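1. Here is a sequence with its predicted model. Questions after.
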Amino acid sequence: MTDNTVTITILRSGFTVPDFEQTRPNYSSGRVAYRGEVLTFSPEAVEATRDALGSTWLDLDEEQQIARWGHRNFVLGNQVEAESIRCIAEDDISVMAKLRDQAIKRADLISDPEARRAAHVAIRERFGAPQSSQRTLQSWEV
């Protein structure tokens with residue numbers, strides 16, 4: 001963290017974090033993070049989490065998180081393997097579809113055509129092709 005970036009691993013799905021994508025540089029909106037996500041906050045994003053007294057929730061340790069929220073929401077660093085975290089999002093098709101839709105919306109906001117195309121390629125590599133909404137009905141003989 002010598003470069004003033006902060007990396008956290010989300011321990012509980014549903015924790016709201018700032019939307020610090022490059023397409024929303026003001027950090028005023030948030031998004032729901034999912035268990036197992038590893039997020040890296042740039043120095044600017046860390047500063048955007050500070051309150052009027054200069055404190056940031058990113059500095060909360062385990063006991064402070066429990067006192068504030070009743071449970072731990074994150075741990076510092078990329079701790080997916082150390083914490084034996086099973087990423088729920090990857091096992092839930094509906095969550096992955098929602099994540100894919102959110103990523104597409106963010107990519108669509110990119111004004112540079114080449115950067116937008118690259119973002120869409122990255123989305124397809126991460127999530128695969130979209131699921132067909134068509135269903136095939138099979139009749140089963142009993």
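-> Perfect, thanks for sending it. The model shown is predicted, which means the values in this text are computed figures rather than measured ones.

2. Can you show me the strands along this structure?
-> For the chain, the strands defined by DSSP state E cover 6-10, 15-18, 30-33, 38-41, 74-76.

3. between those strands, which gets the lowest average pLDDT?
-> Lowest mean pLDDT within these: strand 30-33, a mean of 83.

4. Tell me the buried residues in that strand?
-> residue 33 (16 or more other Cβ atoms under 10 Å). (Each C-beta comes from the backbone N, C-alpha and C, glycine too.)

5. Find the residue at the geometric middle of the chain.
-> Nearest to the mean C-alpha position of the chain, counting by Cα atoms, centre = their mean, stands residue 33 at 4.4 Å.

6. residues contacting that residue?
-> By Cβ atoms under 8 Å, 6 or more residues apart in numbering, the contact set of residue 33 is 10, 13, 14, 15, 16, 17, 39.
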